[in-house]
Structure formats: C-alpha cells, structure tokens
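S.K.: just to be clear, the model below is a prediction. Sequence and coordinates:
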Amino acid sequence: MAEFGSAAASLPPEIDGVRRSFVTARGVKFHVTEAGPADGRAVLLLHGWPQHHYAYRELLANPPAGLRIIVPDLPGYGWSGPAPHRWAKDEVASDLFALLDEMGIERVLLGGHDWGAFIGYRMILSNPDRFSGYLAMNMAHPWVPTSVVARNIWRFLAYQPLIAVAGKPIQQRTGFLNRLITAAISDRSSVSREDIRIFSDRFRDPVCAKAATDTYRTFWLKEIPQAARNPERRRGTIPIRALFGVDDVAVHHSMADPATAKADDYTFEAVTDCGHFVIDERPELVRARLIELADSTK
C-alpha cells in the first residue's frame with residue numbers, strides 16, 4: 001500500500017472475495033473496492049464521515065446476483081489519496097464522474113449515505129442521464145425549506161463547527177470518533193466495537209483527518225452561504241428512494257420529507273429503532289431496497 005502524508009497507511013480491513021484497485025482520476029488516486037461480476041450491472045455506493053468503503057462490507061461480501069458493487073473511498077478518506085481541492089462537494093462529484101470515466105462506466109445505479117448521499121444528489125441533478133436510480137440514506141434532500149433548516153440548525157452546531165475548526169487534532173489524538181459513532185447507533189448489538197474502531201482509527205491518518213476537516217470547513221464557509229443565496233432549483237428526474245433511520249440526531253428526517261422534495265419520483269421510508277448509521281444497523285434492509293430499486297429501473 002502507498003504512504004499518505006507522513007504516516008504509512010494501514011491495510012484496508014479484510015472483506016472476503018473483493019477486488020481492490022487504485023484508479024487515478026482528476027488528480028485523485030482512488031482506492032476502489034469491488035464485488036460481483038465484472039460485467040454485471042454497475043452500482044456505485046458512496047460513504048460518508050466518519051467512514052470509508054467498509055460501511056458497505058455486507059454488500060461487498062455478498063453482492064446481489066447480477067450486480068457489480070463498486071465502492072470508492074472518497075478523496076482523502078479511507079485509502080484514497082488526497083483531493084487537489086478543499087473538498088467542495090461539487091468538486092468531489094466531478095472527481096467521481098471522472099472516476100467512472102476512467103473505469104469505462106457510462107451509467108450506474110447510485111447509493112449514498114451521509115456526505116456520500118449529499119454528493120450523490122449533486123451528481124444526479126447535474127447529470128441525470130448517467131443514473132438509473134438513487135438510494136439516498138440518512139441525508140437531507142437538496143430542497144429543504146429554510147424554515148426546516150432553521151429548526152434543525154442546532155444539530156449542525158452540536159459538532160460540525162468543532163470538526164471544521166479543530167478536526168485534525170480531535171480525530172488524530174482523541175477518542176472522539178469512537179464516542180460519536182457509538183452514540184449515533186440505536187441498535188448497538190448490530191455494530192461491533194471492532195467495526196467502530198476500523199472507522200475511527202483511519203482518521204488518525206493526517207490525510208484522512210484533513211479531508212474530514214475540509215469537508216466541514218468548506219460546508220460552513222462556502223456551501224451554506226451559497227445555498228442561502230441560491231437555493232436548489234433543479235428538479236430530480238430519476239427515481240429517488242430515501243431510507244432514513246429516524247433516531248438520527250445529526251440529520252432530522254423532516255429534512256428528507258417527500259412533501260418538500262422537488263422530484264418526479266421520490267419516496268421516503270422511515271426506519272424505526274435505527275440511528276444515523278442505517279447501513280451498519282440495518283444491512284439486510286439496505287440490501288433489499290437496493291435490489292428493489294435495481295429491479296424497478298433499467
């Protein structure tokens with residue numbers, strides 16, 4: 001494995017049967033984990049913070065029949081190299097389009113969680129022809145009314161400014177991420193301490209810690225002001241399925257309300273007794289909804 005920053009990268013966690021590769025696109029050396037037939041229908045899955053490709057370990061270890069599961073570590077996260085930008089979400093979306101181009105993949109079924117879902121929305125709105133459907137998990141949709149944002153701003157203030165200002169030392173030198181992930185899980189029997197450690201320990205790497213810090217710093221300094229000045233007016237034109245653990249403290253389910261979604265085909269499913277990390281807590285449900293979306297789209 002390559003060295004990132006000043007510290008040697010640890011090996012990615014083992015997942016039986018996967019294929020791993022490095023693909024350079026738009027200046028990012030992506031670490032890509034795949035499973036399923038190489039000629040199967042392409043499914044691109046995007047993780048959030050504080051995670052990496054291992055969030056989709058269940059799907060990678062047992063890919064649904066006929067689906068080619070493709071999970072890149074986002075720029076600077078996991079085992080991908082750093083981004084040549086400050087983690088503006090539209091830039092990351094462009095990085096991912098370039099990755100698909102490098103891999104020779106024209107059209108995919110898309111899934112995303114947390115920041116991966118935020119970026120996924122940017123992708124399906126900017127170039128919908130490249131996607132057959134979208135499974136968005138525990139993330140606000142892009143059309144949230146200002147009044148709903150205002151009611152929930154305290155959730156953002158609880159931890160995001162801290163990461164934006166002091167994210168590198170907090171992630172590298174403290175047990176903050178262990179505590180944060182644990183607190184955000186409702187069904188703690190579904191996620192082992194080792195799984196949590198696999199996620200949190202990776203952010204002790206300086207490249208990963210910086211990427212996460214830039215994720216929030218750019219959000220607060222640039223993307224929130226831009227959204228306030230220019231709210232999203234593009235309409236979703238592909239099937240969107242929102243899956244949401246309703247015990248989520250970080251993102252309230254009202255921010256994914258179908259009543260405010262400007263989309264032709266948008267459905268919302270509340271997952272009870274489940275927190276923010278719906279993929280980890282309810283992997284079989286995520287699998288079932290992904291298969292259903294695949295079967296209902298082309």
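M.R.: Okay, I see it.

S.K.: for D16, which three-state class applies?
M.R.: Here D16 is recorded as coil under DSSP: H, G, I helix; E, B strand; the rest coil.

S.K.: from I291, how far off is it?
M.R.: 20 Å (CB to CB, to the nearest Å). In this view, the C-beta of every residue, glycine as well, is placed from N, C-alpha and C.

S.K.: which of these two has more neighbours?
M.R.: I291 (14 against 9; other CB atoms under 10 Å).

S.K.: for the more buried one, pull up the helix or strand it's in.
M.R.: helix 283-296 (DSSP states H and E).

S.K.: for I153, the count of nearby residues, please.
M.R.: Residues near I153, counting by other CB under 10 Å: 11.

S.K.: buried sites along the helix or strand containing it?
M.R.: Assessed by DSSP H and E, I153 sits inside helix 146-157. The neighbour-count check on helix 146-157 (16 or more other CB atoms under 10 Å) flags 148-149, 152, 156 as buried.

S.K.: check stretch 170-183 too.
M.R.: 170-172, 176-178, 180-181.

S.K.: got the end-to-end distance for that stretch?
M.R.: 17 Å (CA to CA, to the nearest Å).

S.K.: quick one: average confidence on that stretch?
M.R.: Averaged over stretch 170-183, pLDDT sits at 97.

S.K.: just give me how far it sits from the chain centre.
M.R.: 19 Å (CA atoms, centre = their mean, to the nearest Å).

S.K.: returning to what we had before: which residues touch the helix holding I153?
M.R.: 228, 231, 249-252, 254-255, 257, 260 (CB atoms under 8 Å, 6 or more residues apart in numbering).

S.K.: would you map the helices across the chain?
M.R.: 57-61, 89-102, 115-126, 146-157, 160-173, 176-183, 193-202, 206-218, 224-229, 278-281, 283-296 (DSSP state H).

S.K.: of all those, which lies closest to L135?
M.R.: L135 sits nearest to helix 283-296 of all these, at 5.6 Å, using CB to CB.

S.K.: could you say what helices and strands the closest one packs with?
M.R.: Packing partners of helix 283-296 (3 or more CB pairs under 8 Å, 6 or more residues apart in numbering; DSSP states H and E): strand 41-46, helix 57-61, strand 67-72, strand 108-113, strand 131-137, strand 240-245, helix 278-281.

S.K.: one more time with 7 Å, if that's ok
M.R.: For helix 283-296, the packing partners by 3 or more CB pairs under 7 Å, 6 or more residues apart in numbering; DSSP states H and E come out as helix 57-61, strand 108-113, strand 131-137, strand 240-245.

S.K.: right, and D73 touches Y54 too?
M.R.: No - here D73 lies out of contact with Y54, judged by CB atoms under 7 Å, at a distance of 9.2 Å.

S.K.: more neighbours, these two?
M.R.: Per other CB under 10 Å, whichever of D73 and Y54 has more neighbours is D73, with 25 against 21.

S.K.: who's in contact with that one?
M.R.: Applying CB atoms under 7 Å, 6 or more residues apart in numbering, one finds that D73 lies in contact with 30-31, 52-53, 79-80.

S.K.: greatest separation within the residues you listed: which pair is it?
M.R.: Most distant of the contacts of D73, by CB to CB, are F30 and H52, 11.7 Å apart.

S.K.: hang on, the earlier thing: closest to L110 among the buried residues of stretch 170-183?
M.R.: The closest of these, once distances to L110 are taken by CB to CB, is I181, at 24.3 Å.

S.K.: switch the helices of the chain over to CSV; also include distance to R41.
M.R.: Conversion of those to CSV gives the following (distance: least, CB to CB, whole Å):
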stretch, distance to R41
helix 57-61, 13
helix 89-102, 14
helix 115-126, 17
helix 146-157, 35
helix 160-173, 36
helix 176-183, 31
helix 193-202, 28
helix 206-218, 30
helix 224-229, 33
helix 278-281, 20
helix 283-296, 7
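
S.K.: what subset of the contacts of helix 146-157 is buried?
M.R.: So, by 16+ other CB under 10 Å, the buried ones in those are 250-252, 255, 257, 260.

S.K.: between the residues you listed, which is nearest F118?
M.R.: Using CB to CB, V251 is the member of the buried ones among the contacts of helix 146-157 that sits closest to F118, with 9.8 Å.
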